[in-house]
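Colleague: Here's a sequence, model it:
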Amino acid sequence: MELIIDFPGGARVDAHFGPHTVKTDQPPSASAPTPFAVFLSSIGTCAGIYVLGFCNQRGLPTEGIRIVQRIHSDFSGMVKKIDLEIQIPPSFPEKYRDSLIRSAELCAVKKHLENPPTFEVTTKQVATA
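Modeller: Numbering: from 1, shown residues only. Sure thing, here's the model as predicted:
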């Protein structure tokens with residue numbers, strides 16, 4: 001997978017991949033979320049994809065289900081813990097609660113944080129058009 005990152009002006013930095021664009025910005029005049037907020041939101045939304053799939057496979061309604069993600073940071077602002085609370089309505093079958101948690105734990109973003117990739121940052125000079 002390849003992403004193209006560009007700088008459309010101001011403090012904006014956008015990522016383009018396939019037919020999609022993820023827009024990010026920085027305060028004080030942010031017109032989009034910060035890159036870090038997008039990163040953090042990918043954890044909860046990824047878990048949500050698995051929760052949605054679990055419910056859809058079993059014909060369970062998703063109305064009233066939501067995930068509350070809480071970020072716990074240390075004094076330096078580094079994230080030390082992330083809680084994902086799957087809130088379910090009273091009508092959600094008790095027998096599926098543990099399985100619902102296990103499905104959310106399959107999230108690929110979470111798995112990559114638990115086993116992080118290595119990074120290599122380089123430069124390459126290219127001719128301008």
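
Colleague: residues contacting residue 58?
Modeller: Residue 58 sits next to residue 96 when contact means C-beta atoms under 8 Å, 6 or more residues apart in numbering. The way it works is simple: take the backbone N, C-alpha and C, and place the C-beta from them, glycine included.

Colleague: What backbone torsions are found at it?
Modeller: The phi/psi pair for residue 58 (degrees, to the nearest 10) reads phi -110, psi 0.

Colleague: Quick check: residue 16 is in a strand.
Modeller: Yes: looking at residue 16 with DSSP: H, G, I helix; E, B strand; the rest coil, it is inside a strand.

Colleague: Ignoring the adjacent residues along the chain, who's closest to it?
Modeller: Distances taken as C-beta to C-beta, 6 or more residues apart in numbering put residue 4 closest to residue 16, at 4.5 Å, once the chain neighbours are dropped.

Colleague: OK, contacts around the one you found?
Modeller: 15, 16, 17.
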